[in-house]
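Novice: Any chance you could fold what I've pasted below:
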Amino acid sequence: QVKLVESGGGVVQPGGSLRLSCSTSGRTFDNHSMAWFRQAPGKERDVVAAISANSALTYYVDSVKGRFTISRTNTGNTVYLQMNNLTVEDTAVYYCALGPWVRLLRAGSPDPDYWGQGTQVTVSS
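Specialist: Alright, predicted model coming up:
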């Protein structure tokens, strides 16, 4: 059974940092793209960052460019999201996802093969 498990969420003050991790199990995913999404209350789930299977390609939504960094292990089974200089607008549940690049980044209707259960990130003073 395939599982994606996120960790690393929490409460942090504005300007602080967090590092999210997403570990996969059940099979090897070194040839799959992975992404981080987030969903704030009352809003849609949107992609934040994505990384291709061989880490050659990365994508960031404009609002996090220069602050967030996505990376993955050489085995491809763990993906990270380093979040720096956090703002209150970054407060959301963050989800890990796995699937084809084009379906992860499909505007308005992302369609990954697998989702994680989510981890809460709260930025508050």
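Novice: Tell me the pLDDT of residue 30.
Specialist: Residue 30 is assigned 69 on the pLDDT scale.
Novice: again, but for residue 77
Specialist: 84.
Novice: In contact with the nearest residue to it once chain neighbours are set aside, which residues?
Specialist: Among residues not flanking residue 77 along the chain, residue 24 sits closest, at 4.8 Å (Cβ to Cβ, 6 or more residues apart in numbering). Backbone N, C-alpha and C define where each C-beta goes, glycine included. Counting by Cβ atoms under 8 Å, 6 or more residues apart in numbering, residue 24 touches 2, 3, 4, 5, 77, 78, 98, 114.
Novice: Just the residues you listed: which are in strands?
Specialist: Using DSSP state E, 3, 4, 5, 78, 98, 114 are the members of the contacts of residue 24 that sit in strands.
Novice: isn't the third one right up against residue 22?
Specialist: What that stands for is residue 5. Yes. The pair residue 5 / residue 22 is scored as a contact, 6.9 Å apart, by Cβ atoms under 8 Å.
Novice: Between the two, which is the more surrounded one?
Specialist: Under the criterion of other Cβ atoms under 10 Å, the comparison of residue 5 against residue 22 puts residue 22 first, with 25 against 14.
Novice: Please, which helix or strand holds the residue most central in space within the chain?
Specialist: Residue closest to the average C-alpha location in the chain (Cα atoms, centre = their mean): residue 36, at 1.7 Å. Secondary-structure element containing residue 36, defined by DSSP states H and E: strand 33-39.
Novice: Quick check: buried residues in that strand?
Specialist: Residues 33, 34, 35, 36, 37, 38 are the ones in strand 33-39 that count as buried (16 or more other Cβ atoms under 10 Å).
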